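>>> how would this look folded up:
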Amino acid sequence: MKKQSVISALVLSVLPVAAVAALSALLTDSKGSWYLSLCKPSFTPPDWAFPLAWGIVYLCAIAAIYLLLRRNEAISPTIVSLLCAVGVLNVLWSAVFFHLHAPSTACAVLLALLGALVWLICLLRPANRASMFLLLPHLLWGGFALALNVSIALLNAA
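Numbering: from 1, shown residues only. The predicted model follows:
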C-alpha cells in the first residue's frame with residue numbers, strides 16, 4: 001500500500017474504527033437485567049466512564065491508522081491482519097460478554113485481544129513510534145477491562 005492522500009487516509013482510518021465502535025455499542029447492554037444483576041468489584045468505574053474511555057481509545061486508533069496510511073512505506077500484511085483482529089475481537093468480546101452472558105469466555109477473548117495489541121505494538125515500535133504510542137491507551141484500557149472481567153467472572157461463578 002502506498003502513501004494515501006489526506007482524505008483517503010482519513011476515510012480509511014475512520015470507517016473501520018467507526019464500524020467497530022458502532023457494532024460494539026449495539027452489542028453492549030449495560031442497562032439489561034443480566035448485567036445489572038451481576039456482582040461487580042469495588043473498582044468498577046461509573047457508567048459514564050466507559051464511553052469516555054472507549055472514545056479516547058477509538059480516537060487514538062483512528063490517529064494511529066491515519067499515520068500509518070500517510071507514510072511512504074507499505075503497511076505489512078501482518079500489521080493489517082492484527083489491526084483487523086483487534087477490531088473483530090473488540091466486537092466479539094461485547095457479543096460474548098453481553099449476549100452469551102459468558103464472562104469467563106469473554107476473559108479468553110480479552111486475552112487474545114491483548115495479545116494481538118502487544119504483537120501489533122511490538123511490530124510498530126521500530127517502524128512508526130507515533131502509531132505505537134497511540135495504541136497504548138487501548139492496551140491499558142484492555143488490561144483494566146481484563147481485571148474487571150476476571151473479577152466479575154469470579155464474583156459470579158455458580
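>>> In the chain, where's the longest helix?
The longest helix of the chain (DSSP state H) is helix 129-155.
>>> And it, what's buried?
131-132, 134-135, 137-139, 141-142, 145-146, 148-153 (16 or more other Cβ atoms under 10 Å). Placement of C-beta: from N, CA and C, glycine included.
>>> Show me what that helix is packed up against.
helix 49-70, helix 103-127 (3 or more Cβ pairs under 8 Å, 6 or more residues apart in numbering; DSSP states H and E).
>>> low pLDDT regions in the chain?
Counting by pLDDT under 70, the chain has low-confidence residues at 1-4, 72-73.
>>> same thing but at 50, please
Applying pLDDT under 50 to the chain flags the ranges 1.
>>> Which strand or helix spans Ile7?
Using DSSP states H and E, Ile7 maps to helix 6-27.
>>> what comes up buried for that helix?
Quick answer for helix 6-27 (16+ other Cβ under 10 Å): 9-10, 12-13, 16-17, 20-21, 23-24, 27.
>>> Extract the C-alpha set from it and format it as CSV.
C-alpha atoms of helix 6-27 as CSV (Å, rounded to 0.1, in the frame of the first residue of the first chain):
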residue,chain,number,x,y,z
VAL,A,6,-5.1,13.1,3.3
ILE,A,7,-8.8,12.5,2.5
SER,A,8,-8.5,8.8,1.6
ALA,A,9,-6.3,8.2,4.7
LEU,A,10,-8.8,9.9,6.9
VAL,A,11,-11.7,7.9,5.4
LEU,A,12,-9.8,4.6,5.6
SER,A,13,-8.9,5.4,9.3
VAL,A,14,-12.4,6.5,10.4
LEU,A,15,-14.6,3.9,8.7
PRO,A,16,-13.3,0.7,10.2
VAL,A,17,-12.9,2.2,13.7
ALA,A,18,-16.4,3.6,13.5
ALA,A,19,-17.8,0.3,12.3
VAL,A,20,-16.1,-1.5,15.3
ALA,A,21,-17.4,1.2,17.7
ALA,A,22,-20.9,1.0,16.3
LEU,A,23,-21.1,-2.8,16.4
SER,A,24,-19.7,-3.0,19.9
ALA,A,25,-22.1,-0.3,21.1
LEU,A,26,-25.0,-2.3,19.5
LEU,A,27,-23.9,-5.4,21.3
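>>> Right, I'll call it a day here.
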